[in-house]
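>>> what follows is a predicted protein model with its sequence.
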Amino acid sequence: MKLIILDRDGVINQDSPDYIKSPDEWHAIPGSLQAIARLHQAGWTVAIASNQSGLARGLFDISALTAIHLKLRKELAQLSGAVDSIFVCPHGPEDGCLCRKPLPGLFHDIARRYDVDLRDVPTVGDSLRDIQAGATAGCRPWLVQTGNGPKTLKQGNLPANTQVVQDLAEAVEKILTHAQ
């Protein structure tokens, strides 16, 4: 199985310091949906691992989150693409859960769901916590320069072997080229 794990906000869609609370606020980053469609068409399993503390903060509810993900799936379907699964951490930063990135809980859930070893599975994120969670789980981390990527790169302290690219489209191009 060819598996890739993507963060959502800042990688697939524009991020907001005020959170993405409704489908109207969800806007794909140019080229990101086409990149996911390429992965899907090449036979990859595409999973999303996303912290969604807006749920715990009461900024939106599960119905709104479901509607956001439905919009994502519909826009992908128009490009002959698909996401196979979406894993979210609904907790706030102080909730003490194991699924909130930078902890690797969501990644372990994905590994169990697909019964795979995450060693060298590519994971793409825009924040240090995304990259750390993936690296801790054994994934091969990719940092995009969309969303929080520029700030993350400036901070430094990236896990070893983190690949830095402009956006999801460039990451997918390199991943697909390397996988052949």
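That came through, no problem.

>>> switch to C-alpha atoms for all contacts and neighbour counts from now on
Will do.

>>> run through who's touching stretch 28-37.
10-14, 46, 75-76, 79-83, 167-169, 172-173 (Cα atoms under 8 Å, 6 or more residues apart in numbering).

>>> can you check stretch 140-152 too?
9-11, 14-15, 119-128, 131, 134-135, 159, 161-168, 171.

>>> that one: end-to-end distance?
Stretch 140-152 has an end-to-end distance of 17 Å (Cα to Cα, to the nearest Å).

>>> coming back round to it: inside helices: which ones of the contacts of stretch 28-37?
The helices, defined by DSSP state H, take in 75-76, 168-169, 172-173 from these.

>>> run a quick neighbour tally on Pro17.
Pro17 has 5 neighbours, counted by other Cα atoms under 10 Å.

>>> make that Leu59, sorry
Leu59 sits with 14 neighbouring residues when counted by other Cα under 10 Å.

>>> ignoring the adjacent residues along the chain, who's closest to it?
Nearest non-adjacent residue to Leu59, counting by Cα to Cα, 6 or more residues apart in numbering: Lys21, 6.7 Å away.

>>> export the helix or strand of the chain with the lowest mean pLDDT to PDB, keeping only CA atoms.
When the helices and strands of the chain are scored by mean pLDDT, DSSP states H and E, helix 168-179 comes last with a mean of 95. Once non-C-alpha atoms are left out, helix 168-179 reads as follows in PDB (Å, rounded to 0.1, in the frame of the first residue of the first chain):
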ATOM      1  CA  LEU A 168       1.800  20.300  -1.600                       C
ATOM      2  CA  ALA A 169       2.000  20.200  -5.400                       C
ATOM      3  CA  GLU A 170       5.800  20.200  -5.300                       C
ATOM      4  CA  ALA A 171       5.900  17.600  -2.500                       C
ATOM      5  CA  VAL A 172       3.600  15.300  -4.500                       C
ATOM      6  CA  GLU A 173       5.600  15.800  -7.700                       C
ATOM      7  CA  LYS A 174       8.800  14.700  -5.800                       C
ATOM      8  CA  ILE A 175       7.100  11.900  -4.000                       C
ATOM      9  CA  LEU A 176       5.600  10.400  -7.100                       C
ATOM     10  CA  THR A 177       8.900  10.800  -9.000                       C
ATOM     11  CA  HIS A 178      10.800   9.000  -6.200                       C
ATOM     12  CA  ALA A 179       8.200   6.200  -5.900                       C
END
